[in-house]
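Participant: I need the structure of the sequence given here:
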Amino acid sequence: MTATTTTPAHPDDTQALHPTQALDDTVHQRVRLGVLSIAREADQVEFGFLKHQLAVTDGNLSRHLKVLESSGLIAMRKGYEGRRPRTWISITPKGKRALDAEIQALRELVHRLDTRGTPL
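Facilitator: Coordinates of the predicted model:
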């Protein structure tokens with residue numbers, strides 16, 4: 001099967017951009033999307049829980065959390081539970097808006113494919 005597409009002659013053309021143009025590279029990455037999604041379900045989530053749920057290492061999760069925090073999408077709070085140090089993560093209002101926009105872009109992409117009879 002060959003796909004036929006029409007490329008706009010100029011970026012300012014009035015044709016709607018492909019839904020993937022609305023995807024945010026910061027949010028769309030698998031681990032970061034997972035962090036935001038899980039954090040959206042609770043007031044705050046503990047680092048160890050995220051690590052387990054996303055099946056990543058401490059270092060890998062820490063790197064992704066730094067990206068999200070520096071983008072203003074999450075807030076991190078360090079403290080203790082008993083004698084054990086803990087890190088709690090919560091999604092910010094900006095993070096909620098970014099996650100909502102990402103989900104909307106994905107919905108538009110699925111809708112576009114579904115209405116064209118493309119098997120999903």
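Participant: Off-centre distance for stretch 103-114?
Facilitator: Averaging C-alpha coordinates over stretch 103-114 and over its chain gives two centres that are 15 Å apart (Cα atoms, centre = their mean, to the nearest Å).
Participant: Report the buried residues of that stretch.
Facilitator: When burial is assessed from 16 or more other Cβ atoms under 10 Å, stretch 103-114 yields the following buried residues: 105, 106. C-beta coordinates here come from the backbone N, C-alpha and C atoms, glycine included.
Participant: Rounded mean pLDDT for it, please.
Facilitator: For stretch 103-114, the mean pLDDT works out to 88.
Participant: just stretch 79-87 next, same as before
Facilitator: Stretch 79-87 comes out at a mean pLDDT of 93.
Participant: Take that stretch, keep the C-alpha atoms, and write them as CSV.
Facilitator: Coordinates of the C-alpha atoms in stretch 79-87 are reproduced here as CSV (Å, rounded to 0.1, in the frame of the first residue of the first chain):
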residue,chain,number,x,y,z
GLY,A,79,11.8,14.6,53.2
TYR,A,80,11.8,11.6,55.5
GLU,A,81,9.5,8.8,56.2
GLY,A,82,10.7,7.6,59.6
ARG,A,83,14.5,7.5,59.1
ARG,A,84,14.4,6.9,55.4
PRO,A,85,14.9,9.7,53.0
ARG,A,86,12.0,10.1,50.4
THR,A,87,11.3,12.1,47.4
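Participant: mind listing what's buried in it?
Facilitator: By 16+ other Cβ under 10 Å, the buried positions in stretch 79-87 come out as residue 87.
Participant: gap between it and the chain center?
Facilitator: Put simply, stretch 79-87 sits 27 Å off its chain's centre (Cα atoms, centre = their mean).
Participant: Which residues outside it are in contact with it?
Facilitator: Under the contact criterion Cβ atoms under 8 Å, 6 or more residues apart in numbering, stretch 79-87 has outside partners 46, 47, 48, 76, 77, 78, 88.
Participant: No more questions from me, cheers.
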